[in-house]
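> Fold the following, please.
(one chain, ligands or ions: 2)
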Amino acid sequence: MRREIDFSLYLVTGRELLPPGKDYFESIQESLEGGVTVVQVREKTADTAEFLDIALKTKELCQKYDVPLIINDRLDIALAVKADGVHLGQTDMPVSVARQLLPAGTIIGVSCNNADHVKNAISEGVDYVGIGAVWGTATKKLTSPIIGVRGVGALLRELDNTGLKAVAIGGIKGANALRTLHGTVSTTGHGLDGVAVVSDIAGSTKPRDAARTLRDTVSAFKEQLQNELQASINVSYAKKDVLTSVSKLLNNVKAYKPLIHQITNNVVTTQSANATLALGASPIMATAPEEMKDLSRVLGALLVNFGTITSKEGMLLAGQFANEEKKPLVFDPVGVGATDFRRTTAAQLLNTWQASVIKGNAGELAALADSKEVQAKGVDTSGTGFSDPASFVKSLARKERCIIVLTGSTDWISDGNVVIRLDNGHPMLGDITGSGCMLGTCIATFCAGAYLKAVEDEPISERSLSTIVRGDMLLGAVGGVLALTIASEIAAQRVDVRGTGTFFPALIDELYHLTPDKLTQLAKIQIL
Ligand SMILES: Nc1ncnc2c1ncn2[C@@H]1O[C@H](COP(=O)(O)OP(=O)(O)OP(=O)(O)O)[C@@H](O)[C@H]1O
Ligand SMILES: Cc1ncsc1CCO
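Residues are numbered from 1 along each chain as shown. Ligands and ions are numbered 1, 2, ... in the order given. Next up is the predicted model:
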């Protein structure tokens with residue numbers, strides 16, 4: 001009977017990466033102590049005798065820890081050392097031939113970087129696939145394109161109901177492991193069985209610690225995903241509870257005055273900062289990469305709005321640090337459909353960090369989702385919008401693994417399970433520039449309120465290892481939308497408002513005077 005393998009932490013050896021003075025076998029031993037669950041010996045330049053010797057000694061170590069040994073590419077070495085399996089690249093020995101040559105029950109894995117590779121692997125009956133390269137990697141000359149964290153889910157989906165296991169490979173390390181595991185889950189809820197790691201362990205002076213961090217992260221995440229899938233079946237949001245919770249977020253904002261770091265466009269900087277202050281939070285508009293780490297330590301939430309992209313480096317870094325700190329990250333891909341540069345920048349940002357909330361109008365979200373249903377015109381939408389906005393936001397939320405806010409005369413919000421429809425707002429919001437950008441600011445501010453609530457409820461987070469962001473971001477998104485749209489309704493009714501010029505300062509006034517009572521009483525909310 002074939003042995004059931006735990007693929008959680010799959011070490012691919014890299015002797016050339018050892019730090020000066022570190023012995024290869026000592027490094028393997030420490031890695032095993034740290035929790036590596038599979039070892040693949042990969043030797044691209046060793047001659048046969050040397051490869052054989054290394055494989056034999058590595059096998060002895062693996063046996064001590066009851067960890068399976070896989071040999072890269074060389075079937076003869078695998079046979080000679082009675083390895084548990086082989087790993088084959090797309091240009092190595094065909095799987096069918098390898099199967100004939102190897103003893104029954106030998107594990108066979110193949111490298112895949114597109115859906116056809118995965119489909120072939122399924123029909124050839126392999127045991128597992130190695131999907132990559134996920135990130136850029138310094139260890140291997142890349143022969144295939146970087147598919148990015150967001151590209152993996154579609155490949156995992158191919159594996160639904162096959163029983164095949166999957167690990168991701170390519171630049172995975174302690175610092176990006178959670179992002180990788182979280183962001184690669186398919187729309188059907190199919191997650192990775194583990195991560196394959198090379199340099200973060202092999203290149204470390206402390207491989208035991210490096211392996212332990214990774215293993216703990218994988219174990220915690222797998223448990224969390226199970227809970228998440230379970231919760232998605234059982235969860236229910238009641239309208240009254242949502243409004244009560246959202247009101248508390250406003251109180252939290254006013255009580256703690258969280259710092260809202262905004263990398264935003266130069267059209268709306270002042271008005272966004274004023275909207276933040278009006279809600280009771282504290283804005284900082286900062287774009288220099290050099291200051292991102294310091295800001296991430298104090299911030300309550302980060303907003304990345306790329307209306308005018310001037311500091312991509314700053315956006316990349318700020319988001320990574322926000323993820324590390326498990327703080328809310330709101331992404332507003334302004335005009336993403338307008339140019340190729342915006343499209344590729346959005347992809348790069350979203351492959352690097354995990355947004356907590358993505359908000360956009362129909363044109364922007366259609367571009368992000370590669371949907372032809374709605375066209376964009378610069379930063380605006382043209383046409384009537386999606387025929388089924390509820391299904392659209394739900395499926396995009398599943399794909400991007402975060403909350404989606406679709407704006408328009410009706411706003412639609414989803415976390416991939418529940419869909420919330422909000423009908424507040426005033427047409428004049430569509431007639432002032434940057435109302436969508438201010439909405440992003442309001443959402444970031446309420447998400448900071450949700451983050452603060454989580455910190456209040458759970459000061460020492462036991463879930464922190466597997467939690468991508470602390471706090472209920474769905475509530476944060478609902479709160480932000482209600483705040484701006486309800487303020488707009490009250491502002492538009494004022495006798496001193498005679499057009500969009502007087503509407504704008506009135507809007508800031510009404511954000512300033514917003515109360516939990518107004519939020520709950522005026523909300524037009526439907527939970528679908
Ligand atoms: N006709 C309308 N009626 C009611 N509310 C509206 C209307 N148009 C926009 N809004 C509200 O304005 C907010 C911003 O949405 P909108 O879709 O206009 O953003 P946007 O196109 O990104 O704006 P901008 O590009 O000016 O920043 C949303 O909360 C939305 O509910
Ligand atoms: C008009 C405009 N151009 C780039 S950003 C922006 C603000 C509204 O989205």
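
> in the stretch 201-350 of the chain, which spans are helices?
In the stretch 201-350 of the chain, helices defined by DSSP state H, counting those that start in this stretch lie at 207-234, 239-256, 269-279, 292-298, 312-324, 340-352, listed in chain order.

> for Gly363, what are its contacts?
Contact analysis of Gly363 by Cβ atoms under 8 Å, 6 or more residues apart in numbering lists 337, 374-377, 380-382. (Each C-beta comes from the backbone N, C-alpha and C, glycine too.)

> Give me the distance between the strand or helix carrying it and the centre of its chain.
Gly363 belongs to helix 362-368 when assigned by DSSP states H and E. Chain-centre distance of helix 362-368: 19 Å, with Cα atoms, centre = their mean, to the nearest Å.

> Kindly report the same for stretch 12-31.
31 Å.

> Would you mind listing what in the stretch 401-528 of the chain touches ligand 2?
433-434, 436-437 (Cβ under 6 Å from any ligand atom).

> Chain neighbours aside, what residue packs nearest to the closest residue to ligand 1 within the stretch 1-150 of the chain?
Taking Cβ to the nearest ligand atom, ligand 1 has its nearest neighbour within the stretch 1-150 of the chain at Arg150, 22.5 Å off. In space, and not counting its chain neighbours, Arg150 is closest to Asn351: 5.5 Å by Cβ to Cβ, 6 or more residues apart in numbering.

> That neighbour touches Val152, doesn't it?
No - counting by Cβ atoms under 8 Å, Asn351 stays clear of Val152, with 10.1 Å between them.

> Now do the shared contacts for those two.
Gly183.

> And the two? Which one has more around it.
Val152 (25 against 19; other Cβ atoms under 10 Å).

> hang on, the earlier thing: any bit of the helix holding Gly363 sitting next to ligand 1?
No - using Cβ under 6 Å from any ligand atom, helix 362-368 stays clear of ligand 1, with a minimum separation of 6.9 Å.

> list the helices and strands the helix or strand just after that helix packs on?
Moving toward the C-terminus from helix 362-368, the next helix or strand (DSSP H and E) is strand 375-377. Here strand 375-377 is seen to pack against helix 362-368, strand 380-382 when contacts are counted using 3 or more Cβ pairs under 8 Å, 6 or more residues apart in numbering; DSSP states H and E.

> So which of the ones you listed is nearest Leu303?
Closest to Leu303 of these, according to Cβ to Cβ: helix 362-368, at 15.1 Å.

> Quick one: mean pLDDT for that closest one?
Helix 362-368 shows a mean pLDDT of 95.

> Chain neighbours aside, what residue packs nearest to whatever residue of the stretch 301-450 of the chain ends up closest to ligand 2?
Closest to ligand 2 within the stretch 301-450 of the chain is Gly307: 2.7 Å, counting by Cβ to the nearest ligand atom. Spatial nearest neighbour of Gly307, chain neighbours left out: Asn265 (2.7 Å); criterion: Cβ to Cβ, 6+ apart.

> gap between that neighbour and Thr381?
Here the distance between Asn265 and Thr381 works out to 17 Å (Cβ to Cβ, to the nearest Å).

> for Gln320, same thing?
Look at Gln320 and Thr381: by Cβ to Cβ, they are 30 Å apart.

> So for those two, which residue has more residues nearby?
Using other Cβ under 10 Å as the criterion, Gln320 and Thr381 rank with Thr381 on top: 23 against 20.

> could you list every residue that touches that one?
361-364, 374-375, 408.

> now Val197
9-12, 169, 172-173, 214.

> now the stretch 101-250 of the chain, which segments are flagged as low pLDDT?
Residues of the stretch 101-250 of the chain meeting the criterion pLDDT under 70: 137-144, 233-235.

> which residues of it fall in strands?
For the stretch 101-250 of the chain, the strands defined by DSSP state E, counting those that start in this stretch occupy 107-112, 128-131, 165-168, 194-197.

> Output those strands as a markdown table; include the columns distance to ligand 1.
Listed next are these as a markdown table, based on distance: least, Cβ to the nearest ligand atom, whole Å:
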| stretch | distance to ligand 1 |
| --- | --- |
| strand 107-112 | 38 |
| strand 128-131 | 35 |
| strand 165-168 | 34 |
| strand 194-197 | 37 |
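
> So for Asp47, which of those sits nearest?
Closest to Asp47 of those is strand 107-112 (Cβ to Cβ; 23.5 Å).

> Just the CA coordinates for that closest one, please, in PDB.
C-alpha atoms of strand 107-112 as PDB (Å, rounded to 0.1, in the frame of the first residue of the first chain):
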ATOM      1  CA  ILE A 107       6.000   8.400  -5.300                       C
ATOM      2  CA  ILE A 108       6.100  10.400  -8.500                       C
ATOM      3  CA  GLY A 109       5.900  14.200  -8.600                       C
ATOM      4  CA  VAL A 110       6.100  16.600 -11.500                       C
ATOM      5  CA  SER A 111       6.700  20.300 -11.900                       C
ATOM      6  CA  CYS A 112       3.800  22.300 -13.400                       C
END
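
> buried residues in it?
For strand 107-112, burial by neighbour count (16 or more other Cβ atoms under 10 Å) applies to 107-112.

> Specify which member of those is nearest to ligand 2.
Lowest distance from ligand 2 to the buried residues of strand 107-112 (Cβ to the nearest ligand atom) belongs to Cys112, with 39.4 Å.

> That closest one touches Lys119, doesn't it?
No - using Cβ under 8 Å, Cys112 makes no contact with Lys119, being 9.2 Å away.

> about what we covered before: quick one, which of the strands of the stretch 101-250 of the chain is nearest to Asp23?
strand 194-197 (19.2 Å).

> Tell me which strands the closest one pairs with, and in which orientation.
Sheet pairing of strand 194-197 (DSSP bridges) gives strand 9-12 (parallel), strand 165-168 (parallel).

> show me what contacts Phe306?
Contacts here follow Cβ under 8 Å, 6+ apart; on that basis Phe306 touches 265, 315, 332-334, 336, 342, 345-346, 349.

> Out of the helices of the stretch 201-350 of the chain, flag the one nearest Ala444.
helix 269-279 (8.0 Å).

> OK, contacts around the residue of the stretch 51-200 of the chain found nearest ligand 2?
Nearest residue of the stretch 51-200 of the chain to ligand 2: Arg150, at 24.1 Å (Cβ to the nearest ligand atom). Residues in contact with Arg150 (Cβ under 8 Å, 6+ apart) are 183, 347, 350-351, 399-400.

> ok, which residues in this protein are in contact with ligand 2?
265, 267-268, 307-308, 334, 379, 433-434, 436-437.

> Reformat those residues into JSON lines and put distance to Ala46 next to each item.
Compiled in JSON lines, the residues of the chain next to ligand 2 are given as follows (distance: Cβ to Cβ, whole Å):
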{"residue": "Asn265", "distance to Ala46": "54"}
{"residue": "Val267", "distance to Ala46": "59"}
{"residue": "Val268", "distance to Ala46": "58"}
{"residue": "Gly307", "distance to Ala46": "53"}
{"residue": "Thr308", "distance to Ala46": "52"}
{"residue": "Val334", "distance to Ala46": "52"}
{"residue": "Val379", "distance to Ala46": "56"}
{"residue": "Thr433", "distance to Ala46": "63"}
{"residue": "Gly434", "distance to Ala46": "60"}
{"residue": "Gly436", "distance to Ala46": "58"}
{"residue": "Cys437", "distance to Ala46": "57"}
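
> could I get these as TSV with neighbour count and pLDDT?
Formatted as TSV, the residues of the chain next to ligand 2 follow (neighbours: other Cβ atoms under 10 Å; pLDDT from 0 to 100):
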residue	neighbour count	pLDDT
Asn265	20	94
Val267	16	93
Val268	23	95
Gly307	22	87
Thr308	13	87
Val334	26	96
Val379	22	73
Thr433	14	94
Gly434	23	93
Gly436	25	96
Cys437	24	97
